[in-house]
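> Just a sequence and a predicted model for now, questions to come.
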Amino acid sequence: SKSSSNLLSSSSSSPSAYDVITWSCPANPSLKLNPRTLRPERPLPEGTNYTLAISGRALTALKMLHNATNNNNNNSMNADGAASAAASSATASADNSETGRLLHRVMVGASVFARVSPSQKALLVEEYANLGFCVGFCGDGANDCGALKAARVGLSLSSAEASIAAPFTSKFNSIFSVATLIREGRCALV
């Protein structure tokens with residue numbers, strides 16, 4: 001694709017899900033996405049595709065806005081995006097609010113999550129699980145431990161810190177270990 005869309009966060013005096021976040025292409029800022037549909041506001045140039053990308057900081061801002069607009073004080077987050085211990089079970093999938101619908105569209109439509117902190121990785125896994133997905137996470141370091149624990153299937157590609165948090169540890173530092181885990185896991189179900 002010739003260009004990709006990127007998510008940039010900005011502040012607003014009136015917190016609306018559609019006002020707080022600006023959706024634009026980093027290579028061509030005049031190309032913007034409609035904040036309600038996450039589709040291009042105007043036709044893209046011939047042969048141009050787009051991919052929805054979001055930074056961990058923007059995802060945290062969206063989640064915090066979602067929590068604030070739903071008056072959900074028990075589900076507060078810190079600056080890194082970590083949910084509090086008293087997080088409620090309210091999910092974006094069951095939430096028909098403006099911010100809930102936007103959060104759902106972002107989670108389902110995003111292909112790239114960039115500059116994501118360890119706590120934001122865990123948040124991503126939890127949000128996908130809240131949407132009803134069976135979530136697998138593959139990690140290789142201590143910064144992946146929270147997401148490895150939160151995932152239904154956690155695979156550590158390291159025998160170091162991450163292997164303690166993950167139910168599965170590979171002897172080989174390769175993404176091909178996921179295919180082996182799927183094959184062997186299916187054999188166990190027979």
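Arrived safely, thanks for sending.
> which stretches of this protein form strands?
Along the chain, counting by DSSP state E, strands occupy 6-9, 21-24, 52-55, 110-114, 136-139, 153-156, 168-169.
> Per-residue pLDDT of the residue nearest the centre of the chain, please?
The geometric centre of the chain, computed from its C-alpha atoms, lies nearest to Leu124 (Cα atoms, centre = their mean), at 3.8 Å. Turning to Leu124, the model gives it a pLDDT of 95.
> same check, this time on the one 3 residues further on
On pLDDT, Glu127 comes in at 93.
> What sits closest to it if chain neighbours are left out?
Met107 (5.5 Å; Cβ to Cβ, 6 or more residues apart in numbering). Just so you know, the C-beta spots here come from the backbone N, C-alpha and C atoms, and that holds for glycine as well.
> Quick one: neighbours of the one you found, just the number.
By other Cβ atoms under 10 Å, the residues close to Met107 number 20.
> okay, it: pLDDT?
93.
> pretty sure it contacts Glu126?
No: if you go by Cβ atoms under 8 Å, Met107 and Glu126 don't touch, sitting 10.7 Å apart.
> Give me the common contacts of those two.
Counting by Cβ atoms under 8 Å, 6 or more residues apart in numbering, Met107 and Glu126 have no contacts in common.
> ok, now which ones touch Lys171?
So Lys171 contacts Ser159 (Cβ under 8 Å, 6+ apart).
> try 10 Å
Lys171 sits next to 157, 159, 177, 180 when contact means Cβ atoms under 10 Å, 6 or more residues apart in numbering.
> Now for the residue lying closest to Lys121 once chain neighbours are set aside, how many residues are close by?
Spatially, and ignoring its direct neighbours in sequence, Lys121 is nearest to Ala147 (3.9 Å; Cβ to Cβ, 6+ apart). Ala147 has 26 neighbours, counted by other Cβ under 10 Å.
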